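Participant: Sequence first, predicted coordinates after that:
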Amino acid sequence: MSTLFIAGTDTGVGKTHATCTLLHALRARSIQACGMKPVASGCVETPEGLRNDDALALQAASATPMPYEWVNPVALREPLSPHLAAAHEGVEIRLGPLSDAFERLRGMHETVLVEGVGGWLVPLSRSLLASDIPRQWQLPVVLVVGLRLGCLNHALLSARAIATDGCRLIGWIGNCIDPHMDAVDENIETLRHHLPAPCLGILPYGVSPHDAVAQLDLSLILE
């Protein structure tokens, strides 16, 4: 496992939380791992330039400090779908600069975890979708399922889309984002039955990535 793409069933399901947990788990196994957020919208202006909280979290959880521009090569101001945020800034997101940053990170780490933006089919431009990143880079996929009402449909549709695009789903992570969700265990069991890949773990609500490491079983993807 040299690279993985961390996809989400939707926006706000905890892709960054799951990716940071995976980074901590890999580092606990003495694996030099880093995170990458190729495209991020909703960035804020700082003295160093535009910065995104998710990308900063990945940068902090990585084994070694990497230049922010490598971790997040496309940073956009408005909290919109990336193709809209980019259009409002008069830019077009292209795969080439993303690939250049990815290759730099991959050349310096055993493992790179590439976090997607929104769901599987979020547009990045008129001719580029978020799914084109793992498809072009030939990355196996881990799907983060936000455990809330509606997650079954979102998860199964995402898994089907991943397979249709010719990518390989190697595992999924359940993230408890709704502490009041009914029938949590039954929903998890339904996901285990229907998703065509093993569950790598269920992340509890309100537990930091560092402390949630024990909930992951990386043997399912490392062996």
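Facilitator: Perfect, I can see it now.
Participant: Need the per-residue pLDDT for the residue lying closest to residue 98 once chain neighbours are set aside.
Facilitator: Nearest residue to residue 98, sequence neighbours excluded (Cβ to Cβ, 6 or more residues apart in numbering): residue 38, at 4.4 Å. No exception for glycine: its C-beta is placed from N, CA and C like everyone else's. Here the pLDDT value assigned to residue 38 is 98.
Participant: Next, residue 38: phi, psi?
Facilitator: With angles defined as degrees, to the nearest 10, residue 38 sits at phi -60, psi -40.
Participant: Can you mark which positions in the one helix or strand in the chain whose mean pLDDT sits lowest are buried?
Facilitator: None of the helices or strands of the chain scores lower by mean pLDDT, DSSP states H and E than helix 219-222, at a mean of 84. Within helix 219-222, the residues scored as buried using 16 or more other Cβ atoms under 10 Å are residue 221.
Participant: what do you get for stretch 139-149?
Facilitator: So, applying 16+ other Cβ under 10 Å, buried residues of stretch 139-149: 139, 140, 141, 142, 143, 144, 145, 146, 147, 148.
Participant: Switch those residues over to a markdown table; also include distance to residue 130 and pLDDT.
Facilitator: A markdown table is the format used below for the buried residues of stretch 139-149 (distance: Cβ to Cβ, whole Å; pLDDT from 0 to 100):
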| residue | distance to residue 130 | pLDDT |
| --- | --- | --- |
| 139 | 12 | 97 |
| 140 | 16 | 97 |
| 141 | 12 | 98 |
| 142 | 15 | 98 |
| 143 | 13 | 98 |
| 144 | 14 | 98 |
| 145 | 17 | 98 |
| 146 | 16 | 98 |
| 147 | 22 | 98 |
| 148 | 21 | 97 |
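Participant: Tell me where the model's unsure across this protein.
Facilitator: Low-confidence segments of the chain (pLDDT under 70): 1, 223.
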